[in-house]
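Colleague: Here you go, sequence then predicted model.
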Amino acid sequence: MKLKPQVVVIGLGRFGTSFASKMYQLGYDVMAIDHDEEKVQSMIGQVTYPVTADASSETALRELGVQDFDVGVVAIGSNIEVSVMVTVLLKTLDLNTVIARASSTLHESTLSRLGCDRVIFAEEEMGDRLANTLFTPIVEEYLELSTNLGISKMRVPDRLIGFTLTEAGFENKPGSQKLTVVSIKRGDSLVLYPSSDEVLTENDELCIIGNNNSINKLL
């Protein structure tokens with residue numbers, strides 16, 4: 001059985017805290033690092049490994065085993081110099097994916113040139129959105145409605161092409177406990193509230209509302 005990817009989050013401001021705790025709730029191993037011991041203490045029970053450390057030190061990161069993690073998220077927004085330094089270190093440690101938060105267009109440009117796989121402008125609520133889409137690449141956008149209910153915008157999975165919505169496991173009727181397709185964008189056309197007999201085609205873009213666990217099973 002393939003283990004879930006491990007995530008290290010550096011910087012525990014509003015965004016870092018939101019993202020790290022949400023990833024932990026989703027079942028991932030999460031290491032959260034900050035130099036502020038009080039912030040780290042507040043994450044006990046909300047992440048797998050809350051750590052007080054200087055993330056701008058390559059030695060400290062190596063001693064923590066950060067090089068063995070799959071994804072590194074630099075959630076430092078205000079201190080651009082430290083953000084850039086930590087991003088360089090994560091790239092040096094050769095993590096599979098490095099994501100960084102930018103606080104300005106210049107900051108974004110710098111991070112992109114450093115080879116960041118993804119640069120985001122993030123406020124607190126964006127932590128949840130990133131957590132819900134990070135390891136589901138066909139999910140392009142996510143909006144949380146409640147603790148375990150959300151709206152997802154995604155490309156149709158290849159294995160469902162040619163199936164009707166019913167055959168694909170959707171139940172398009174009011175009050176359904178299953179996933180409901182609100183719309184299908186097909187080229188330049190938009191099908192709102194499609195019928196259960198609608199056949200999914202290649203490159204369809206679906207807007208789905210439903211339980212997060214059901215969406216994960218679908219994927």
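Modeller: Yep, that arrived.

Colleague: Please make it C-alpha for all contacts and neighbour counts, starting now.
Modeller: Fine.

Colleague: Point to the helix or strand of the chain where mean pLDDT is at its lowest.
Modeller: strand 139-146 (a mean of 58; mean pLDDT, DSSP states H and E).

Colleague: The residue of the chain most remote from its centre - nearest residue in space that isn't next to it in sequence?
Modeller: Computed with CA atoms, centre = their mean, the residue of the chain farthest from its C-alpha average is Asp197, at 32.0 Å. Distance criterion CA to CA, 6 or more residues apart in numbering; nearest residue to Asp197, sequence neighbours excluded, is Thr164 at 5.2 Å.

Colleague: Can you report how many residues neighbour that neighbour?
Modeller: A count of nearby residues for Thr164, using other CA atoms under 10 Å, gives 17.

Colleague: what do you get for Gly115?
Modeller: Gly115: 15 neighbours (other CA under 10 Å).

Colleague: Which residues are in contact with Ser183?
Modeller: Leu190, Val191, Leu192, Tyr193, Pro194, Leu206, Cys207, Ile208 (CA atoms under 8 Å, 6 or more residues apart in numbering).

Colleague: Mind doing that once more with 6 Å?
Modeller: Val191, Leu192, Tyr193, Leu206, Cys207 (CA atoms under 6 Å, 6 or more residues apart in numbering).

Colleague: chain center to stretch 163-182, what's the gap?
Modeller: 25 Å (CA atoms, centre = their mean, to the nearest Å).

Colleague: With stretch 10-20 instead?
Modeller: On CA atoms, centre = their mean, the centre of stretch 10-20 falls 13 Å from that of its chain.

Colleague: Also stretch 25-32?
Modeller: Worked out by CA atoms, centre = their mean, stretch 25-32 lies 12 Å from the chain centre.

Colleague: next one: stretch 17-27
Modeller: For stretch 17-27, the distance to the chain centre is 10 Å (CA atoms, centre = their mean).

Colleague: if we can go back for a sec, may I see the contacts of Ser183 arranged in TSV, with distance to Pro50 and neighbour count as well?
Modeller: TSV is the format used below for the contacts of Ser183 (distance: CA to CA, whole Å; neighbours: other CA atoms under 10 Å):
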residue	distance to Pro50	neighbour count
Val191	46	13
Leu192	45	12
Tyr193	44	14
Leu206	37	23
Cys207	36	22
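
Colleague: quick one: which of those is nearest Val156?
Modeller: Leu206 (6.4 Å; CA to CA).

Colleague: ok, the closest one - contacts?
Modeller: Contacts of Leu206 (CA under 6 Å, 6+ apart): Lys153, Met154, Ser183, Ile184.

Colleague: Give me the sheet partners of the helix or strand just after the least confident helix or strand of the chain and which way each runs.
Modeller: Once the chain leaves strand 139-146, the next helix or strand it forms, by DSSP states H and E, is strand 149-155. Strand pairing for strand 149-155, determined by DSSP bridges: strand 139-146 (antiparallel), strand 205-211 (antiparallel).

Colleague: Any chance of the backbone angles for Ser183?
Modeller: As for Ser183, its main-chain torsions (degrees, to the nearest 10) stand at phi -160, psi 160.

Colleague: And for Thr180?
Modeller: Torsion angles, degrees, to the nearest 10, at Thr180: phi -120, psi 130.

Colleague: so it bridges to which residues?
Modeller: So, taking DSSP bridges as the rule, Thr180 has Ile209 as bridge partners.

Colleague: Okay, domains of the chain per the record?
Modeller: 6-133, 139-218 (automatic domain parsing).
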